[in-house]
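>>> Just to be clear, the model below is a prediction. Sequence and coordinates:
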Amino acid sequence: MEKLIISVGITGSRITRKQTPYIPITPEEIAQSGIEAWRAGASVLHVHVRDPKTGLGTQDISIFKEVVDRIRSETDAILCLTTSGIPGRNLSIADRLQPLSLHPELVSFDAGSVNMGEHVFLNPPEFLEALAKETLEMGIKPELEVFEVGMVYTCLRYLEKDLLKSPLHFQFVLGTAGGMPATPKSLLHLSEIIPQGSTWSVIGIGVGQLPMAIMGMVMEGHVRVGLEDNIYYSKGVLAKSNAQLVDRVVRVAKEFGREIASPSDARKILNFS
């Protein structure tokens with residue numbers, strides 16, 4: 001089987017210290033947590049940043065740069081910078097595209113709008129087209145975040161319009177409010193409708209993280225874990241770090257007989273030019 005790419009959602013923008021004391025908040029904490037996850041076996045680090053004063057998500061490019069520079073100085077990890085913006089805030093397209101100026105190898109491309117609790121996660125066509133054009137011009141690979149079936153077909157329309165470039169890389173986000181459930185049926189269906197030659201990874205939100213990671217591993221896809229998606233290690237027991245969640249996937253993969261991809265391996269698997 002192809003080597004397993006492990007991605008890590010380091011912090012996200014929503015989880016607070018009231019929910020878990022282990023969520024990284026400051027630039028130093030976010031970078032250090034990413035470095036520890038890389039040492040544990042992750043090859044892709046998905047980066048959000050927080051305002052150190054409020055603890056909430058921010059698009060401040062100086063904070064992104066501080067985190068990115070530190071990780072780049074100590075690892076060979078693939079950086080996937082977020083373009084998701086901040087929940088509940090309608091940021092401008094320019095604000096959301098700021099992280100591309102740091103020239104990451106991957107950026108998130110959330111392929112549609114989703115109701116998330118009290119908020120709508122807005123990704124209108126004008127934003128997606130601007131993001132697609134910018135990634136093409138800069139040679140950055142979009143990680144196509146898919147929360148439900150229709151988002152796959154949105155990506156295929158952009159592919160037909162030459163706004164996306166083959167081979168595509170999908171990230172199936174399962175178990176979020178307003179999206180598809182974290183079930184084997186969801187993952188099987190999504191994996192069957194993407195173009196041949198595409199790569200894919202799966203995120204299980206909350207209790208879905210470990211089951212979806214194991215399903216993805218068995219189905220020869222790739223997996224993402226991390227505190228952005230799930231703050232628990234087991235029922236009622238908080239995960240103490242991103243590295244702890246990576247360690248578990250590495251152990252399971254080794255028992256299953258699937259090798260772990262290094263960042264160099266992952267670059268080849270993901271067809272970076």
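Noted; the coordinates are in hand. Just so we're clear, the structure is a prediction, and the values are computed from it rather than from any experiment.

>>> Spell out the residue ranges of the strands in the stretch 1-150 of the chain.
Using DSSP state E, counting those that start in this stretch, the strands of the stretch 1-150 of the chain run over residues 6-9, 44-47, 49-50, 57-58, 78-81, 106-110, 114-116, 119-121, 141-146.

>>> So in that sheet, which strands flank the fifth one, and in what orientation?
So that's strand 78-81. strand 44-47 (parallel), strand 106-110 (parallel) (DSSP bridges).

>>> Mind listing residues that contact that strand?
Residues from elsewhere that reach strand 78-81 (CB atoms under 8 Å, 6 or more residues apart in numbering): 7, 43-47, 64, 68, 71-72, 99-100, 102, 104-108, 143, 263, 266-267, 270. In this view, the C-beta of every residue, glycine as well, is placed from N, C-alpha and C.

>>> Nearest to the middle of this structure, which residue? Look it up for me.
Centroid-nearest residue in the chain, with CA atoms, centre = their mean: H46, separated by 5.0 Å.

>>> That one bridge partners, please.
G9, C80.

>>> Isn't it up against V8?
Yes: counting by CB atoms under 8 Å, H46 sits close enough to V8 to count as a contact (6.4 Å).

>>> Which residues are in contact with each of those two?
Jointly contacting H46 and V8 under the rule CB under 8 Å, 6+ apart are 224, 226.

>>> Now T82: phi and psi?
Main-chain torsions, T82, degrees, to the nearest 10: phi -80, psi 150.

>>> how far out from the middle of the chain is stretch 165-176?
The chain centre lies 9 Å from the centre of stretch 165-176; the measure is CA atoms, centre = their mean, to the nearest Å.

>>> Stretch 230-249 now?
17 Å.

>>> cool, stretch 126-141 as well?
17 Å.

>>> can you check stretch 35-45 too?
Relative to the centre of its chain, stretch 35-45 is centred 13 Å away, using CA atoms, centre = their mean.

>>> Report the rounded mean pLDDT for it.
The average pLDDT within stretch 35-45 is 98.

>>> any residues touching that stretch, and which ones?
For stretch 35-45, contacts defined as CB under 8 Å, 6+ apart pick out 5-8, 10, 34, 70-71, 74-75, 77-80, 106, 224, 226, 241-243, 246-247, 249-250, 260-263, 265-266.

>>> Please apply the same query to stretch 190-207.
Under CB under 8 Å, 6+ apart, the answer for stretch 190-207 is 5, 7, 9, 146, 149, 152, 156, 159, 166-176, 180, 182, 187, 209-213, 215-216, 219, 221-224, 229-230, 232, 269-271.

>>> Now do the buried residues in that stretch.
Going by neighbour count (16 or more other CB atoms under 10 Å), the buried part of stretch 190-207 is 190-191, 194, 198-205.

>>> Turn the residues you listed into JSON lines, columns for distance to G55.
Formatted as JSON lines, the buried residues of stretch 190-207 follow (distance: CB to CB, whole Å):
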{"residue": "L190", "distance to G55": "33"}
{"residue": "S191", "distance to G55": "36"}
{"residue": "I194", "distance to G55": "36"}
{"residue": "S198", "distance to G55": "37"}
{"residue": "T199", "distance to G55": "34"}
{"residue": "W200", "distance to G55": "32"}
{"residue": "S201", "distance to G55": "28"}
{"residue": "V202", "distance to G55": "28"}
{"residue": "I203", "distance to G55": "23"}
{"residue": "G204", "distance to G55": "25"}
{"residue": "I205", "distance to G55": "21"}
